[in-house]
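Novice: here is a sequence together with a model predicted from it:
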Amino acid sequence: MKTRDELNQLSGQIVDAAMEVHREFGPGLLERVYEAALQRELPLRGIPSRRQGQSAVSYKGELLDEDAYRIDLLVDESVVIEVKTVAAILPIHEAQLHTYMRLSRMNFGLLINFNVILLKDGIKRHVINFPH
């Protein structure tokens, strides 16, 4: 598990990579384009990531679905990235990220909306603490 400082440094690198993608394309494309470009940009910076990682869900100890949800990007096995191209980030988008983080047991996530003029206006950082 990464320290808070390591996660802060990693999130800064992810944001820099996302800004590079946004500089290249600007707003207006489909989510999957930004997701693919970000997944390409991260390794160029030495940051490992997996795209569209399938994850199983169980309910009360029983496996329900082996492909219940897909994380857009899992970066360095530490940060959940949810990519959006929406007019505005809504509470449901943040709730979706929190669900993915909780189900994957990751406590750090970034919600990145590429459908903005300035990317800094489209980034939301989320940290959740799990009970011990």
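Specialist: Received it, and whenever you're ready, just let me know what you need.
Novice: contact partners of the host helix or strand of Asn8?
Specialist: Element membership for Asn8 (DSSP states H and E) is helix 4-25. With contact meaning C-beta atoms under 8 Å, 6 or more residues apart in numbering, helix 4-25 is reached by 2, 33-34, 37-38, 41-42, 45, 47, 75-76, 78-79, 81, 108, 110, 112, 114, 119-120, 123, 125. For glycine as for every other residue, the C-beta is placed from the backbone atoms N, C-alpha and C.
Novice: repeat that with 7 Å
Specialist: Helix 4-25 is contacted by residues 2, 34, 37-38, 41-42, 45, 47, 75-76, 78-79, 81, 108, 110, 112, 114, 119, 123, 125 when judged by C-beta atoms under 7 Å, 6 or more residues apart in numbering.
Novice: select only the buried ones of those residues in PyMOL?
Specialist: Here is the PyMOL command that picks out the buried ones among the contacts of helix 4-25, judged by 16 or more other C-beta atoms under 10 Å:
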select buried, resi 34+37+38+41+42+47+75+76+78+79+81+108+110+112+114+119+123
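Novice: take the contacts of helix 4-25 and keep only those in strands.
Specialist: Among the contacts of helix 4-25, DSSP state E puts 75, 79, 81, 108, 110, 112, 123, 125 in strands.
Novice: the fifth one pairs with what?
Specialist: On DSSP bridges, the residues paired with Leu110 through beta bridges are Ile81, Arg125.
Novice: isn't it right next to Arg125, touching?
Specialist: Yes - contact status for Leu110 versus Arg125: in contact at 5.9 Å, counting by C-beta atoms under 7 Å.
Novice: check contacts around the nearest residue to Tyr34 once chain neighbours are set aside.
Specialist: In space, and not counting its chain neighbours, Tyr34 is closest to Phe114: 4.4 Å by C-beta to C-beta, 6 or more residues apart in numbering. By C-beta under 7 Å, 6+ apart, the contact set of Phe114 is 22, 27, 34, 83, 85, 122.
Novice: okay, and for the protein, where does confidence drop off?
Specialist: For the chain, the stretches flagged by pLDDT under 70 are 53-54, 130-132.
Novice: spatially central residue for it, please.
Specialist: Ile81 (0.4 Å; C-alpha atoms, centre = their mean).
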